[in-house]
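Visitor: Take this sequence and fold it.
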Amino acid sequence: MFGDLKLKKLICFRSFQRLPEKVSLKTMGKHDSILKETFSINDKSHTVWLFTHQLTWCPQKSGGEDMSEWMSVKIEDIFSVEIEDGFQASSNCCLPTTTSAASPPSQNIMVYYAQRKKNSDIWECEGVKLGHTDSNVMNSWTSTIQSALNDLKHRPKNLLVLLNPFGGKRRGKNIFQDCIKPILELGGVTWTLINTQYQNHASEILISMSQDKLLEYDVVVAVGGDGTACEVVTGLLRRSLETSASNQDTILQPSQLKIAVIPAGSSNALAYSVHGTADPCTAVIHLVLGGSVPLDVGALHDSHSGVERFFVTQVSYGHLADTLKKSDKLRWMGPRRYDYAGLCKFLNHKAYEGTLEVRGGEDVRKTPSECGAGNTCEDCSSSRGFLSNKTEPTQNEWKKVEGCFLNISVANISCRCTLSPRGMAPFAHISDGHFEVVVVRKASRLNHLQYLLRTAGDSRTVFQLPFVERYRAKELIFTPVACCAPAENTNEIGILGSSSSVLACGCDARQQKKSHSYWNCDGELFRQPAVRVTVHSNLIRIMARAAIGTDSPQISPAPLQMIPPNMEPLPIDIPIN
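Guide: Take a look at the predicted model:
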């Protein structure tokens with residue numbers, strides 16, 4: 001039996017409060033119906049049609065159907081269908097009722113489906129009851145609808161769920177019980193649930209799992225924040241790197257498994273940017289219905305070794321990294337620690353000197369656009385066809401940006417969240433093979449406050465500020481100013497936040513605070529100020545609502561290319577706002 005009784009009761013009650021949106025007669029006329037029958041819906045007679053692409057109904061009136069009240073549900077939006085005995089459509093529709101001996105027993109086809117709220121990105125579970133007295137009609141309709149659902153091969157059947165019980169307000173377990181589990185049951189999806197116990201546990205689980213065991217699952221689901229999602233991506237991509245003796249020249253292979261992100265963390269930027277909301281039920285609905293879109297992945301390197309970290313949202317140097325470092329000491333405050341740490345670092349107003357070298361495939365878009373998510377986004381779709389896996393950096397592709405910076409953000413996606421509805425990088429696209437680099441030069445506290453307020457509002461306006469610059473890049477290198485006391489042993493390079501006091505730049509980490517910041521990598525600190533950052537296209541597919549049947553072909557990924565030894569970057573012109 002599909003579904004959770006509690007969820008079903010809620011769906012049944014709401015199904016008579018709000019019906020699906022109307023469908024135009026033009027759409028109706030394009031297809032011949034498979035089945036047509038008269039059913040009772042909410043104690044009223046309705047004519048119901050089943051088409052190959054949708055289920056449609058309208059109330060009957062004397063003389064025929066009421067053409068002004070057509071309603072429709074797409075087949076691809078239906079979770080499941082089942083026959084319920086002993087029910088009748090009423091305000092207490094979910095409770096069994098008795099029938100009189102004079103009337104035939106009541107039977108209902110219950111169709112559970114997803115519906116997007118009007119003028120919102122939030123999706124909800126709904127249902128409609130089709131009442132009839134003929135069991136043959138009921139069985140015929142149920143089996144035909146179920147056959148159509150079985151043909152939706154893109155829907156996942158078995159999931160590996162990695163849940164972070166400590167993220168955000170520690171709501172992960174409640175979200176699973178109250179939201180994720182009932183909707184998975186409604187869609188007939190099976191799962192294996194593992195609670196992570198410590199940082200990077202999700203990555204370790206995926207790396208250590210055998211290939212045969214991992215391929216039993218259709219999707220790996222991260223229940224948590226951006227850090228949990230990053231761990232899942234890192235675990236899947238590290239599997240190919242672990243088989244190589246050196247990470248530097250390895251070609252990153254696209255993951256064979258798709259991922260899904262159910263927001264249960266603090267910022268939830270990845271979920272918000274892909275689904276348009278941080279509502280966990282919407283993310284689960286998108287997962288069960290089976291659409292997916294491609295996602296670029298960023299790689300963070302230090303100057304001596306290969307890939308050190310992967311990231312899916314952003315890496316930031318300066319203010320955001322300092323805020324993260326401060327907040328790590330205030331975990332007892334819960335999510336409010338970010339606000340307090342951000343205020344402290346804003347008042348501290350620290351800027352850092354360094355050089356940023358950027359390699360981009362093209363200049364900043366003169367008419368920038370916001371991402372429509374994967375297959376529905378023209379920029380992502382068009383860019384995907386021109387990405388090359390043999391691109392060699394040339395001297396005139398590099399540009400240099402020097403100065404003193406309050407913050408440098410390298411965004412793989414727009415990083416939308418409740419605090420910044422359009423995101424810190426509103427023109428970033430999830431799969432166009434480029435980063436959006438937002439550079440905030442040293443400015444007064446008042447100007448910095450103006451930047452932060454605009455980021456929290458309409459962030460598209462931040463680029464009108466004279467101290468804020470934007471670049472579009474495939475690769476970048478950041479080198480801090482020749483900084484602090486040189487280390488005694490430059491052969492001991494600190495990697496992945498190890499205890500070594502020697503930084504990749506050759507400086508003493510104990511003196512770093514005088515002139516260096518760290519990097520905030522998807523909510524985790526990376527303690528090497530000198531880095532190289534690269535983007536790799538289409539390494540992951542993430543579950544989201546995309547056009548069914550329009551999955552893009554996989555593109556061979558680019559090798560992790562090293563920096564030319566004697567490269568002289570060119571000065572950069574003033575960016576186009």
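
Visitor: which residues does the closest residue to Gly290 other than its chain neighbours contact?
Guide: Nearest residue to Gly290, sequence neighbours excluded (CB to CB, 6 or more residues apart in numbering): Arg155, at 3.6 Å. (Each C-beta comes from the backbone N, C-alpha and C, glycine too.) Arg155 is in contact with Gly187, Val288, Leu289, Gly290, counting by CB atoms under 8 Å, 6 or more residues apart in numbering.

Visitor: residues touching the third one, list them.
Guide: In this case it means Leu289. Per CB under 8 Å, 6+ apart, neighbours of Leu289: Glu76, Asp77, Phe79, Ala114, Arg155, Gly187, Arg545.

Visitor: Surely the second one is in contact with Ala114?
Guide: It stands for Asp77. Yes: between Asp77 and Ala114 there is a contact under CB atoms under 8 Å: 5.0 Å.

Visitor: Distance-wise, check the residue nearest to Gly290 relative to Leu184.
Guide: 12 Å (CB to CB, to the nearest Å).

Visitor: Now do the shared contacts for those two.
Guide: In contact with both Arg155 and Leu184: Val288, using CB under 8 Å, 6+ apart.

Visitor: now the strands for the stretch 51-200 of the chain?
Guide: All strands of the stretch 51-200 of the chain, identified by DSSP state E, counting those that start in this stretch, fall at 54-61, 64-65, 71-74, 78-85, 107-116, 123-132, 158-163, 190-195.

Visitor: which residues sit against the fourth one?
Guide: This means strand 78-85. Outside strand 78-85, the residues touching it (CB under 8 Å, 6+ apart) are 1-3, 55, 105, 107-114, 125, 129, 138-139, 142, 145-146, 149, 183, 186-188, 288-289.

Visitor: Quick check: can you name the pairing partners of that strand and their directions?
Guide: strand 107-116 (antiparallel) (DSSP bridges).

Visitor: cool, and the shortest one?
Guide: Using DSSP bridges, the strands paired with strand 64-65 are strand 54-61 (antiparallel).

Visitor: as a whole number, average confidence for the strand it pairs with?
Guide: Mean pLDDT, strand 54-61: 89.

Visitor: For the closest residue to Trp191 other than its chain neighbours, list each beta-bridge partner.
Guide: Nearest residue to Trp191 in three dimensions, chain neighbours excluded: Leu159, at 4.1 Å (CB to CB, 6+ apart). With DSSP bridges as the criterion, Leu159 is bridged to Trp191, Val219.

Visitor: Next, the contact list for Leu159, please.
Guide: Leu184, Val189, Thr190, Trp191, Thr192, Tyr217, Asp218, Val219, Val220, Val221, Ala260, Leu287.

Visitor: Glu37 is in contact with Gly131, correct?
Guide: No: using CB under 8 Å as the test, Gly131 is too far from Glu37 to be in contact (11.1 Å).

Visitor: higher neighbour count, these two?
Guide: Gly131 (21 against 18; other CB atoms under 10 Å).

Visitor: okay, now the spatially closest residue to Asn139 that is not a sequence neighbour: neighbour count?
Guide: Of all residues not flanking Asn139 in the chain, Ile83 sits nearest, at 7.4 Å (CB to CB, 6+ apart). The tally of other residues near Ile83 (other CB under 10 Å) stands at 16.

Visitor: what residue ranges in the stretch 451-577 of the chain score low on pLDDT?
Guide: 482-514, 546-577 (pLDDT under 70).

Visitor: one step back: comparing Asp77 and Ala114, which shows the higher neighbour count?
Guide: Legend: neighbour count by other CB under 10 Å for Asp77 and Ala114, higher for Ala114 (25 against 19).

Visitor: CA atoms only for stretch 523-539, dumped as CSV, please.
Guide: The C-alpha trace of stretch 523-539 is given here as CSV (Å, rounded to 0.1, in the frame of the first residue of the first chain):
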residue,chain,number,x,y,z
GLY,A,523,31.1,26.2,4.7
GLU,A,524,34.4,24.5,5.6
LEU,A,525,37.8,26.2,6.2
PHE,A,526,40.7,25.6,3.8
ARG,A,527,43.8,26.9,5.5
GLN,A,528,46.0,27.6,2.4
PRO,A,529,45.8,31.2,1.2
ALA,A,530,47.6,30.5,-2.1
VAL,A,531,45.3,28.5,-4.3
ARG,A,532,44.3,27.6,-7.8
VAL,A,533,40.6,27.1,-8.6
THR,A,534,39.2,25.3,-11.6
VAL,A,535,35.7,24.5,-12.9
HIS,A,536,34.8,21.1,-14.4
SER,A,537,31.6,20.9,-16.3
ASN,A,538,28.8,18.3,-16.0
LEU,A,539,30.5,16.1,-13.4
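
Visitor: who's Val401 bridged to?
Guide: Leu356.

Visitor: List the contacts of it.
Guide: Contacts of Val401 (CB under 8 Å, 6+ apart): Thr355, Leu356, Glu357, Val358, Val439, Glu469, Tyr471, Ile572.

Visitor: hmm, which of the contacts of Leu159 are the buried ones?
Guide: Buried by 16 or more other CB atoms under 10 Å: Leu184, Val189, Trp191, Tyr217, Asp218, Val219, Val220, Val221, Ala260, Leu287, out of the contacts of Leu159.

Visitor: is it true that Ala341 touches Lys326?
Guide: Yes: at 3.8 Å, Ala341 counts as touching Lys326 under the criterion of CB under 8 Å.

Visitor: Relative to Val261, how far out is Leu320?
Guide: Distance from Leu320 to Val261, by CB to CB: 21 Å.

Visitor: Neighbour count: the two, which is higher?
Guide: Taking neighbours as other CB under 10 Å, Leu320 and Val261 compare with Val261 leading, 32 against 24.

Visitor: Ramachandran coordinates for the more buried one?
Guide: Note on Val261: its backbone torsions stand at phi -120, psi 120 [degrees, to the nearest 10].

Visitor: Who are the contact partners of it?
Guide: With CB under 8 Å, 6+ apart, Val261 has these contacts: Val221, Ala222, Thr228, Ala229, Asn268, Leu270, Ala271, Val274, Ala283, Ile542.

Visitor: which secondary structure elements does whichever strand or helix holds the third one contact?
Guide: Think Thr228. Element membership for Thr228 (DSSP states H and E) is helix 226-241. Applying 3 or more CB pairs under 8 Å, 6 or more residues apart in numbering; DSSP states H and E, one finds that helix 226-241 makes contact with strand 158-163, helix 201-208, strand 219-224, strand 258-263, helix 269-275, strand 307-311, strand 531-543.

Visitor: mean pLDDT for these: which is lowest?
Guide: strand 307-311 (a mean of 87).

Visitor: Show me what that strand is packed up against.
Guide: Against strand 307-311 (3+ CB pairs under 8 Å, 6+ apart) you get helix 226-241, strand 292-302, strand 524-526.

Visitor: Go through the contacts of Val401 and name the one nearest Phe51.
Guide: Tyr471 (48.9 Å; CB to CB).

Visitor: what angle do the helix or strand that contains that closest one and strand 531-543 make?
Guide: Using DSSP H and E, Tyr471 falls within strand 468-473. Relative orientation of strand 468-473 versus strand 531-543 (axes from the mean of the first three to the mean of the last three CA atoms, to 10 degrees): 70 degrees.
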